[in-house]
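In: Here is my input, please return the structure:
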Amino acid sequence: MTRSFILLMAVVCGVSVANLYYIQPLEGQISTTFHVSQSAAGIAAMLTQVGYAFGLLLFVPLGDMCERRSLILHMLLLVAISLLTAGLSPCYPVLLIAMFAVGITTIVPQLIVPYAAHLSRPEEQGEIIGYVMSGLLIGILLSRTFSGLVGAALNWRAVYLFAAGFIIILLVLIRCFFPESQPSSKISYQELLKSIPGLVKRERPLREAALNGFFMFGSFSAFWTSLIFLLETPIYRMSTREAGLFGLAGVAGALAAPLIGKAADTKSPRFTVGIGVILSTLAYLCFSLFGYNIWGLIIGVIVLDLGNQCGQVSNQARVQALGDSTRSRNNTVFMFSYFIGGAAGSFLGTFCWQHYGWYGVCMVGLAFQFAALITHFLIYRKQKFDNALLSR
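Out: Take a look at the predicted model:
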């Protein structure tokens with residue numbers, strides 16, 4: 001676990017996960033190209049996240065029984081094909097199928113996170129996960145900046161063609177520098193999938209992290225999916241390019257990820273999850289009160305991304321501390337719930353924008369955040385054995 005290898009894993013996570021978010025600043029262009037409504041364009045973003053959730057469920061558990069490097073290479077090849085199909089889509093139904101395929105194959109970051117946790121010492125696990133997750137969040141944020149700028153300069157199709165090229169570069173880097181890894185479990189794929197409900201039933205921190213991630217990423221996705229529509233209104237008169245540049249405002253949260261991971265190692269992951277829930281709720285209060293002011297939006301973006309990063313890094317630390325032989329399956333449960341929440345947030349965000357405008361989007365985000373507050377502070381109160389589970 002040298003610094004250069006950690007950096008490479010972070011870069012692979014960032015470039016890979018960006019595929020899920022290129023579409024958000026491009027929805028206006030896509031709706032124009034295929035002559036569909038804004039809410040219909042939001043379906044493409046939703047299907048990407050739904051596909052990702054099913055990819056997590058079907059493919060990420062394989063990390064416990066397969067050689068990881070080979071699995072990663074095969075998934076990246078499928079991602080490249082899906083991205084090319086999206087960029088060359090002749091009609092909207094083909095684009096929807098391609099976006100679902102992009103989602104279901106872009107699960108490489110969730111194969112790398114358990115790998116990084118497996119290679120790290122227990123006392124530094126949160127910090128290393130924080131470094132890898134910082135690459136992932138920077139990829140999420142800069143994906144919007146990249147797609148916004150390229151979409152404005154060229155068109156939305158060029159974004160996906162460039163993305164396919166990036167994935168091919170990753171294939172070469174991983175083949176050259178990633179070592180082979182031995183699987184941690186020797187059970188069949190069918191037995192692997194059958195064991196997942198038992199893990200959910202047995203592990204309280206896993207249930208708590210999954211539910212928390214559902215609500216927090218739901219509010220996060222509701223904002224980012226709907227932002228382009230707000231910026232295109234007469235209030236701002238901005239375009240795809242400016243929507244992409246908003247991603248830069250959230251980089252502060254990504255850069256703070258290693259510090260969050262270190263705090264989770266020192267204090268407890270549950271403590272920093274609570275901070276993340278509070279920050280994300282404050283961000284939506286800011287959007288509700290000052291969303292029609294550019295500085296209100298920028299401050300809210302910074303706080304929202306920092307809160308989401310607090311929650312994701314800390315929840316990952318909790319989940320990865322539950323056992324080496326079940327790391328990939330535990331990550332499957334958490335991230336499946338996480339991205340189903342994201343898909344719900346994307347759909348509800350665009351739906352409420354269409355019918356109720358910006359305040360409807362804010363109500364969706366606040367509803368998700370109030371549910372996260374109730375889950376963390378009331379339903380799953382801290383118990384004495386919580387930290388004991390983390391030390392196993």
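In: And the lengthiest helix in the chain, what does it pack against?
Out: Among the segments of the chain that qualify as a helix by DSSP state H, the longest is helix 327-374. The contact analysis (3 or more Cβ pairs under 8 Å, 6 or more residues apart in numbering; DSSP states H and E) places helix 327-374 against helix 38-58, helix 108-119, helix 196-202, helix 204-231, helix 269-290, helix 294-320. C-beta: built from backbone N, CA, C; applies to glycine.
In: For the ones you listed, give me a markdown table that also has mean neighbour count.
Out: As requested, the helices and strands packed on helix 327-374 are exported to a markdown table (neighbours: other Cβ atoms under 10 Å):
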| stretch | mean neighbour count |
| --- | --- |
| helix 38-58 | 23 |
| helix 108-119 | 23 |
| helix 196-202 | 13 |
| helix 204-231 | 26 |
| helix 269-290 | 22 |
| helix 294-320 | 25 |
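In: Distance of residue 144 relative to residue 10?
Out: Plainly put, residue 144 is 18 Å away from residue 10 if you go by Cβ to Cβ, to the nearest Å.
In: right, I mislabeled it, should have said residue 379
Out: With Cβ to Cβ as the criterion, residue 379 and residue 10 are 33 Å apart.
In: Which residue of those two possesses the greater neighbour count?
Out: Between residue 379 and residue 10, counted using other Cβ atoms under 10 Å, the more crowded position is residue 10 (27 against 10).
In: host element of the closest residue to the more buried one other than its chain neighbours?
Out: Leaving out its chain neighbours, the residue that sits closest to residue 10 by Cβ to Cβ, 6 or more residues apart in numbering is residue 135, at 2.6 Å. Taking DSSP states H and E as the criterion, the element that holds residue 135 is helix 125-153.
In: Same question for residue 181.
Out: Counting by DSSP H and E, no helix or strand carries residue 181.
In: Where does pLDDT dip in the stretch 251-392 of the chain?
Out: Confidence mapping of the stretch 251-392 of the chain against pLDDT under 70 gives the ranges 252-258, 261-262, 264-265, 382-392.
In: at 50 instead, please
Out: Low-confidence regions of the stretch 251-392 of the chain, defined here as pLDDT under 50, cover residues 384-392.
In: Any figure for the gap between the residue nearest to residue 84 when sequence neighbours are not counted and residue 36?
Out: The spatially closest residue to residue 84, leaving aside those adjacent along the chain, is residue 164, at 4.8 Å (Cβ to Cβ, 6+ apart). Distance, residue 164 to residue 36, using Cβ to Cβ: 24 Å.
In: thinking again about what came up before, residue 339: which of the helices and strands packed on helix 327-374 is closest?
Out: Using Cβ to Cβ as the measure, helix 38-58 is the one of the helices and strands packed on helix 327-374 that comes nearest residue 339, at 4.2 Å.
In: which residues touch the residue lying closest to residue 114 once chain neighbours are set aside?
Out: Nearest-residue entry for residue 114: residue 327, 3.7 Å, with adjacent residues in sequence omitted and distances by Cβ to Cβ, 6+ apart. Contacts for residue 327 (Cβ atoms under 8 Å, 6 or more residues apart in numbering) come out as 63, 64, 114, 117, 118, 184, 320.
In: For residue 114, see how far away the first one is.
Out: Looking back up the chat, that one is residue 63. 6 Å.
In: for the last one, same thing?
Out: Residue 320 sits at a distance of 7 Å from residue 114 (criterion: Cβ to Cβ).
In: tell me, what's touching the two both at once?
Out: Residues touching both residue 320 and residue 114 by Cβ under 8 Å, 6+ apart: 327, 330, 331.
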